[in-house]
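> Pasting the sequence and the predicted coordinates here, then a few questions.
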Amino acid sequence: MFTRNMNLWASLCFVAILLAGSHPAVAQSGAQPKQQSLYDRLGGLAPISVVVSDFIDALVPDAILNANPAIDAARKRVPAPYLKYHVTAMVCQATGGPCQYHGRGMKESHAHLNITEREWDRMVILFKEVLAKHKVPAKETQELLEIVGSTKADIVVSHQK
Ligand code: HEM
């Protein structure tokens, strides 16, 4: 009887060891859960496109930015929906989403605008306002500001304030 119980016990242990080795939940225990992309945390393409649309709508009529005649002229020439399309694709791609940006590089598309530090700072204020309006959380706001900030050296060409 004792021997039979021991055999049963040994068999159960063996099965338990086999399961522990092959069961994904056990095999992965201790591994960090995969961090969601910024794209997913923002809610995907639909909310991103709404935020970008609001951002462009705030930028286009802005008096501080349009005091720069080159920006003002480009605003009158370049359709806002075209900018919304390109900036949405760019943000989607940069945050880890499935889009591909096919527009021009940041240097090439802004060089003729003679954008100053002051105008850059104004753009950042408007961007933050739009993110706050849409209740984008602090962590995601910070990550978006870093993505936008990474383009600054290519966009700001005039360092007069
Ligand atoms: C003070 C800051 C900025 C101003 C005043 C500004 C203004 C403009 C203007 C007027 C154009 C149209 C230029 C033309 O075709 O003649 C343009 C194009 C564009 N901008 Fe900006 N921009 C600024 C910052 C940014 C930032 C931070 C991004 C993205 C992170 C961005 C993304 C784009 C894109 C994707 C295009 C279209 C490129 C293409 O035509 O292929 N811009 N911008």
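Received, thanks.
> what's the helix or strand for the residue lying closest to residue 112 once chain neighbours are set aside?
Closest residue in space to residue 112, ignoring its immediate chain neighbours: residue 70 at 6.2 Å, by Cβ to Cβ, 6 or more residues apart in numbering. C-beta coordinates here come from the backbone N, C-alpha and C atoms, glycine included. Using DSSP states H and E, the element containing residue 70 is helix 69-77.
> ok and the residue in this structure nearest the ligand?
residue 103 (2.9 Å; Cβ to the nearest ligand atom).
> my read: that residue touches residue 89, true?
Yes. With contacts counted by Cβ atoms under 8 Å, residue 103 reaches residue 89, the gap being 7.3 Å.
> buried sites along the helix or strand hosting residue 46?
In this structure, residue 46 sits in helix 45-59 according to DSSP H and E. For helix 45-59, burial by neighbour count (16 or more other Cβ atoms under 10 Å) applies to 45, 48, 49, 51, 52, 53, 54, 55, 56, 58, 59.
> Model confidence score at the residue positioned nearest the centre of the chain, please.
Using Cα atoms, centre = their mean, the residue of the chain that lies closest to the mean C-alpha position is residue 95, 3.1 Å off. Note on residue 95: pLDDT of 98.
> try residue 10
For residue 10, the pLDDT comes out at 45.
> check contacts around residue 120.
Residue 120 makes contacts with 152, 155, 156, as judged by Cβ atoms under 8 Å, 6 or more residues apart in numbering.
> which parts of the protein sit against the ligand?
The chain has residues 65, 71, 74-75, 78, 83, 86-87, 90, 103-104, 109-110, 113, 115, 119-120, 123, 148, 151, 155 near the ligand, with proximity defined as Cβ under 6 Å from any ligand atom.
> Let's see that with 5 Å instead.
Residues of the chain lying close to the ligand by Cβ under 5 Å from any ligand atom are 71, 74, 78, 86-87, 103-104, 109, 115, 119-120, 123, 148, 151.
> Of all pairs in the residues you listed, which one is the farthest apart?
By the measure Cβ to Cβ, 103 and 119 form the most distant pair in the residues of the chain next to the ligand, at 20.1 Å.
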